[in-house]
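show me the folded form of this:
(2 chains)
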There are 2 protein chains.
Amino acid sequence: MPHSENVFRPQADLGIGDDCALVSVPAGMQLAVSADTLVCGVHFPESTSPFDIGYKALAVNLSDLAAMGATPAWFTLCVTLQDQSEQWVEAFCDGMASLTRIHPILLIGGDTTRGPLSVSVQVMGLIPVGEALTRAGAQDGDDIYVSGCIGEAALGLARVLKASENQSSSQYDPMLDRLNRPTPRVALGLALRSVAHACIDVSDGLLADLNHILHSSGAGARLDLDAIPVADGASTMQSITAGDDYELCFAAPAHRRDTVNELARALSLPITRIGVITAQPGMVDQNNHPLTPTGYTHF
Amino acid sequence: MPHSENVFRPQADLGIGDDCALVSVPAGMQLAVSADTLVCGVHFPESTSPFDIGYKALAVNLSDLAAMGATPAWFTLCVTLQDQSEQWVEAFCDGMASLTRIHPILLIGGDTTRGPLSVSVQVMGLIPVGEALTRAGAQDGDDIYVSGCIGEAALGLARVLKASENQSSSQYDPMLDRLNRPTPRVALGLALRSVAHACIDVSDGLLADLNHILHSSGAGARLDLDAIPVADGASTMQSITAGDDYELCFAAPAHRRDTVNELARALSLPITRIGVITAQPGMVDQNNHPLTPTGYTHF
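Residues are numbered from 1 along each chain as shown, chains lettered A, B, ... in the order given. Down below sits the predicted model:
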């Protein structure tokens, strides 16, 4: 079941080449829609390879579908190019295509324009009516989980920013890989439909994104900072206030712990319990010290 | 019937504020999807008012829905801002909102980023299964029509480019209005569903866009150049090779002429018969002189 998205093959009734594409949404399904833009020099360093730009632009949007528990279906692509070569465009498309082979999703339209480099992707996914994982719905006593490891993308970005031009960049760096090719947790999102009370993807930083769940759910959280799985070489506070992880943070009732652990095994993906939802608003650590969404505050 | 789109009120099951928006596509309807980007200095002059930028960004996308015969339903907006003021953003939103009051369509998501000014809009519309107006389907003997008047936007652009900074821009100029606030022919598109064999909106120039219909339909056309309604002060050749008109060009069988004329009256919109579809590929004028999609060629 966790891998069920890999057998879905999205189709279009009419694809690229007319004024609009035409697609059919099956009966009983809702359409989940999200859009994100990546601007050169803002969302990726200028030195980023075109393959990675294509990969990441689609990955961050697939991550939004994952956070809703939606099956990827279709996307449109609006790309603005300055003076990129044909080879650049080919590598960009290769990066995007390599991700669509992992998560089948069909390009159905868009626009190519001239100007400063940026990429806007809009994704559409399918989800049975009423089964979407929203940010609201977390309840007092729910466990809080996070998938994977937090803070690796931030370490990767720090290395890119520090790297001088004459340094060799040929050495493989897993942190750079995490920055440039984030892994959208699509299968986890699908499997969480009937398990989680609330879910979000970690794009702005774990504390900030968890805070969105708390705000939408009218709840608070007590986090066990020592439990949070953070990148080797980074502090917990660095990791949970940095962004670009694209892991899922979710709340699930305590009686579903076995299910969550089974999911982790089935997906070969660490899923760590990092705290509990509280009725009392606000975030505190294991010692009841307040935590603010943008950093750690000791009073 | 032509104004039926004005009673449709699009709704979202979940609007802006979560990882995705959720919408429901009614049974028996297809989703028509299109996306366009407008880049400052490329698709609009830097001097364009924020109100007009907002208006035009949505209008050109609504025009794509119109050309498919789709009822506007939802859109996402990805806007990249450099250093625009709060007042700028407010006027931009006002421009967009003023158009949504004419053509109800619901903003359900998007992204705001920092960088060189550009606006990407993706629209979604609804259309009964099998009733979409595509570019294919034009048949030998069909009449070719165009709505409104061609070439006015190009005249407007020429005036903007010629205008020196010390000239007063306070005087109302209908050509500038046509350039900055194109009128998407949504009601006409809806009414043409059961009438037209093929349809496209005129964004790249009448000849180039009609050529898309011919290519998709495997047909040719004989145009009566003298019949084409062109802007006062522009030549026919200037007008049919210039873009940005956002009128509809369509092919309909000869026995529906009365219906088309009735539509023109009901919509208070000129609809002019400008030629016929031919089995012989290529475009010719009334004297059988070849026409190329980018200009007029005498042999």
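
so A:G130 belongs to a helix, correct?
No. According to DSSP: H, G, I helix; E, B strand; the rest coil, the state of A:G130 is coil, so it is not within a helix.

so what's the residue count around it?
Counted with other C-beta atoms under 10 Å in any protein chain shown, the neighbours of A:G130 add up to 10. For the C-beta atoms, the positions are set from N, CA and C on the backbone; glycine is no exception.

and for the one 3 residues further on?
Using other C-beta under 10 Å, A:L133 has 30 other residues around it.

now do the same for it: its pLDDT.
pLDDT, A:L133: 97.

A:N180 now?
What the model reports for A:N180 is a pLDDT of 89.

again with A:S164
A:S164 is assigned 51 on the pLDDT scale.

could you find the closest non-adjacent residue to A:T241?
Using C-beta to C-beta, 6 or more residues apart in numbering or on different chains and skipping residues adjacent in sequence, the residue nearest A:T241 is A:G205, 4.9 Å away.

and the one you found, what is it in contact with?
By C-beta atoms under 8 Å, 6 or more residues apart in numbering or on different chains, the contact list for A:G205 reads A:I240, A:T241, A:A242, A:G243, A:P293, A:T294.

most neighbours out of those, which is it?
Within the contacts of A:G205, most neighbours by other C-beta under 10 Å means A:I240, with 28 neighbours.

which residues touch the nearest residue to A:A136 once chain neighbours are set aside?
Spatial nearest neighbour of A:A136, excluding adjacent residues (C-beta to C-beta, 6+ apart): A:S216 at 4.2 Å. Going by C-beta under 8 Å, 6+ apart, A:S216 touches A:T134, A:R135, A:A136, A:A198, B:G17, B:D18.

now those residues as a markdown table including neighbour count, distance to A:H43 and secondary structure?
A markdown table is the format used below for the contacts of A:S216 (neighbours: other C-beta atoms under 10 Å in any protein chain shown; distance: C-beta to C-beta, whole Å; DSSP: H, G, I helix; E, B strand; the rest coil):
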| residue | neighbour count | distance to A:H43 | secondary structure |
| --- | --- | --- | --- |
| A:T134 | 23 | 25 | coil |
| A:R135 | 24 | 22 | coil |
| A:A136 | 17 | 28 | coil |
| A:A198 | 28 | 26 | strand |
| B:G17 | 13 | 21 | coil |
| B:D18 | 24 | 21 | strand |
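
confirm that the residue nearest to A:A136 sits in a helix.
Yes. Under three-state DSSP, A:S216 falls within a helix.

pLDDT score for it?
pLDDT, A:S216: 97.

would you list every one of the strands in the stretch 101-250 of chain A?
In the stretch 101-250 of chain A, the strands defined using DSSP state E, counting those that start in this stretch lie at A:106-114, A:118-128, A:143-147, A:198-201, A:220-223, A:248-252.

for A:C93, helix, strand, or coil?
helix.

mind pulling up the pLDDT for the closest residue to it other than its chain neighbours?
For A:C93, ignoring the flanking residues on the chain, the nearest one in space by C-beta to C-beta, 6+ apart is A:G54 at 6.3 Å. A:G54 is assigned 97 on the pLDDT scale.

quick one: contacts for A:G54?
Counting by C-beta under 8 Å, 6+ apart, A:G54 has contacts A:A91, A:F92, A:C93, A:D94, A:G95, A:M96, A:A97, A:L99, A:V119.

give me the helix or strand of chain A that scores worst on average pLDDT.
Across the helices and strands of chain A, mean pLDDT, DSSP states H and E gives its lowest value to strand A:295-296, namely a mean of 54.

shaky segments in the stretch 1-150 of chain A?
Across the stretch 1-150 of chain A, the ranges flagged by pLDDT under 70 are A:1-7.

where along it do the helices fall?
For the stretch 1-150 of chain A, helices defined by DSSP state H, counting those that start in this stretch occupy the ranges A:50-68, A:86-102.

for A:Q286, which of those helices is the nearest?
Set against A:Q286 and scored by C-beta to C-beta, the helices of the stretch 1-150 of chain A come closest in helix A:50-68, at 26.0 Å.

what pairs with A:S147 across the strands?
A:I271 (DSSP bridges).

that one reaches A:I274, doesn't it?
No. Applying C-beta atoms under 8 Å, one finds A:S147 not in contact with A:I274, separated by 10.7 Å.

who's more crowded, the two?
A:S147 (27 against 23).

follow-up on the earlier one: from the contacts of A:G205, which land in helices?
Judged by DSSP state H, those include A:I240, A:T241 as members of helices.

using TSV, lay out the contacts of A:G205 together with pLDDT.
Listed next are the contacts of A:G205 as TSV, based on pLDDT from 0 to 100:
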residue	pLDDT
A:I240	93
A:T241	91
A:A242	87
A:G243	85
A:P293	80
A:T294	72
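
from the contacts of A:G205, which single one is nearest B:V39?
Lowest distance from B:V39 to these (C-beta to C-beta) belongs to A:G243, with 27.0 Å.

does that closest one really touch A:I150, like I thought?
No. Using C-beta under 8 Å, A:G243 is not in contact with A:I150; the gap is 10.0 Å.

what touches both of the two?
In contact with both A:G243 and A:I150: A:V202, using C-beta under 8 Å, 6+ apart.

stretch A:14-21: end-to-end distance?
Here the two ends of stretch A:14-21 are set 5 Å apart, with distance taken as C-alpha to C-alpha, to the nearest Å.

buried residues in it, which are they?
Judged by neighbour count (16 or more other C-beta atoms under 10 Å in any protein chain shown), stretch A:14-21 contains these buried residues: A:L14, A:D18, A:D19, A:C20, A:A21.

filtering those residues by proximity to chain B, which remain?
Among these, proximity to chain B is found for A:L14, A:D18, A:D19, A:C20, A:A21 (C-beta under 8 Å from any C-beta of the partner chain).

report how many residues lie close to A:N288.
Counted with other C-beta under 10 Å, the neighbours of A:N288 add up to 7.

mind checking pLDDT for it?
95.

what about the residue lying closest to A:Q11 once chain neighbours are set aside, how many neighbours?
Counting by C-beta to C-beta, 6+ apart, A:L106 is the residue found nearest to A:Q11 once chain neighbours are left out, at 7.0 Å. Residues near A:L106, counting by other C-beta under 10 Å, number 18.

list the contacts of A:L106.
A:P10, A:Q11, A:A12, A:G15, A:A73, A:W74, A:F75, A:T100.

that one bridge partners, please.
A:W74.

between the contacts of A:L106, which has the most around it?
Highest count within the contacts of A:L106 by other C-beta under 10 Å belongs to A:F75, 29 neighbours.

please name the residues that touch that one.
Contacts of A:F75 by C-beta under 8 Å, 6+ apart are A:L58, A:N61, A:I105, A:L106, A:L107, A:I108, A:V121, A:Q122, A:V123, A:M124.

give the contact list for the residue nearest to the third one when sequence neighbours are not counted.
Leaving out its chain neighbours, the residue that sits closest to A:I105 by C-beta to C-beta, 6+ apart is A:P72, at 3.9 Å. Residues in contact with A:P72, defined by C-beta under 8 Å, 6+ apart, are A:E5, A:F8, A:P10, A:L62, A:L65, A:H103, A:P104, A:I105, A:V123, A:G125, A:V186.

and A:N261, how many neighbours?
Neighbour count for A:N261, taken as other C-beta under 10 Å: 12.

start and end of stretch A:239-248, how far apart?
Using C-alpha to C-alpha, the end-to-end distance of stretch A:239-248 comes out at 15 Å.

swap in stretch A:220-234?
Stretch A:220-234 stretches 26 Å from its first residue to its last (C-alpha to C-alpha).

buried ones in it?
A:G220, A:A221, A:R222, A:L223, A:L225, A:I228, A:P229, A:V230, A:A231, A:A234.
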